[in-house]
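Asks: structure here, sequence nowhere to be found:
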Ligand code: UT7
């Protein structure tokens, strides 16, 4: 009997309408379009402006998009996993809130916290659940409202981030397509260089932490940059080597979108042609766990059944990794 594999059978996405471009950012802080474009590669990002709407709103919109494109019914879904750092509340999970909004009643739903690597970690987890036979229709979401944890008076972090959500449907198959391999890593050395200081259990929010803006992202950019370049490049090369893939075997490389210069380094290390690299940082910025599923969402029509695709991400923790999959439709 052929082994059961997990294959992506549909994709949905959502980004808010509001566009925050570099010109508008330059009126908010001491920065400019030339610096942001050349140092990061971002021109504009989407921001969820509507009051009282959080990440689960965008995740549910992405799920509705997937349902309408694939004809999937909410009652058929048996597991919802959401990679996110910006759940609407500390609890319940974003996955459970998004499932409720999308009318999903027969599923287990929970979040996976692996920062910007949240989508690939969720996809690898969902793959194990499909391969073991536990679940048959899994929604794997990557969604973040990064504007909710961004200090718009800090020019070293504010230009980087945007809001969005992407989702894929994962199902069993016995065909030679689907998720083939994953390599995932964590190194806690990253904590002090990229974190949110207050609002968690070690330092619950107080008037003082709010006044000091400690509920926003703190990042030592240059240190994080070096690790992102090395770790994403190495893990992408490692997964290619492990699966005997040359650069010419790769149809698409979908890297996390934190900085165009980091993406360039991964492209150089893997040797993959630049026209096979999916890029959305210029118009969406770093949407954290959403960058990769949004890349899949925007490029779905370009993919052919059997295409070899490498996903790779790096984020807080540090967490990083790569997934090798064959496109299924
Ligand atoms: O997704 C999760 C993981 N995160 C990442 O992978 C992000 C990794 N880090 C980066 O992408 C980059 O380090 C940044 C984009 C955050 C910063 O770029 P950089 O080339 O490392 O710049 P830098 O922090 O070394 O700053 C260079 C200069 C500084 O001025 P001085 O000290 O040389 O006079 C900064 O003050 O650029 C200045 N600068 C800015 N200038 C204009 C920093 N931010 C800005 C800005 N506009 N927005």
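Replies: Structure received. For clarity, every value in this text was computed on a predicted model and none was experimentally measured. Numbers count the residues shown, from 1 in each chain.
Asks: quick one: mean pLDDT for the host helix or strand of residue 142?
Replies: Element membership of residue 142, judged by DSSP states H and E, is strand 138-145. For strand 138-145, the mean pLDDT works out to 99.
Asks: with stretch 113-133 instead?
Replies: Here stretch 113-133 scores 98 as its mean pLDDT.
Asks: what about whichever residue of the stretch 151-300 of the chain sits closest to the ligand, neighbour count?
Replies: The minimum distance from the stretch 151-300 of the chain to the ligand, using CB to the nearest ligand atom, falls at residue 221 (2.8 Å). Placement of C-beta: from N, CA and C, glycine included. Residue crowding around residue 221 was assessed by other CB atoms under 10 Å; the count is 16.
Asks: okay, it: pLDDT?
Replies: So residue 221 comes in at 97 (pLDDT).
Asks: then the one 5 residues further on?
Replies: Residue 226 is assigned a predicted lDDT (pLDDT) of 97.
Asks: what helix or strand is it on?
Replies: Residue 226 belongs to helix 221-242 when assigned by DSSP H and E.
Asks: in that helix, what counts as buried?
Replies: Judged by neighbour count using 16 or more other CB atoms under 10 Å, the buried positions of helix 221-242 are 221, 224-225, 227-229, 231-237, 239-240.
Asks: could you do stretch 311-329 as well?
Replies: For stretch 311-329, by 16+ other CB under 10 Å, it's 311-328.
Asks: quick one: average pLDDT of it?
Replies: Taken as a whole, stretch 311-329 has a mean pLDDT of 98.
Asks: please see if that stretch touches the ligand.
Replies: Yes. Shown here: stretch 311-329 in contact with the ligand (CB under 6 Å from any ligand atom) through 314-315.
Asks: the ligand contacts on the stretch 151-300 of the chain?
Replies: Counting by CB under 6 Å from any ligand atom, the stretch 151-300 of the chain sits next to the ligand at 155-156, 159, 221-222, 224-225, 228, 258-259, 262, 286.
Asks: could I get the residues you listed as JSON lines with distance to residue 144?
Replies: Formatted as JSON lines, those follow (distance: CB to CB, whole Å):
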{"residue": "155", "distance to residue 144": "21"}
{"residue": "156", "distance to residue 144": "19"}
{"residue": "159", "distance to residue 144": "16"}
{"residue": "221", "distance to residue 144": "18"}
{"residue": "222", "distance to residue 144": "23"}
{"residue": "224", "distance to residue 144": "17"}
{"residue": "225", "distance to residue 144": "20"}
{"residue": "228", "distance to residue 144": "17"}
{"residue": "258", "distance to residue 144": "12"}
{"residue": "259", "distance to residue 144": "17"}
{"residue": "262", "distance to residue 144": "18"}
{"residue": "286", "distance to residue 144": "9"}
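Asks: what bridges to residue 44?
Replies: residue 21 (DSSP bridges).
Asks: okay, it: pLDDT?
Replies: pLDDT, residue 44: 98.
Asks: for it, what are its contacts?
Replies: Residue 44 sits next to 19-22, 282-283, 285 when contact means CB atoms under 8 Å, 6 or more residues apart in numbering.
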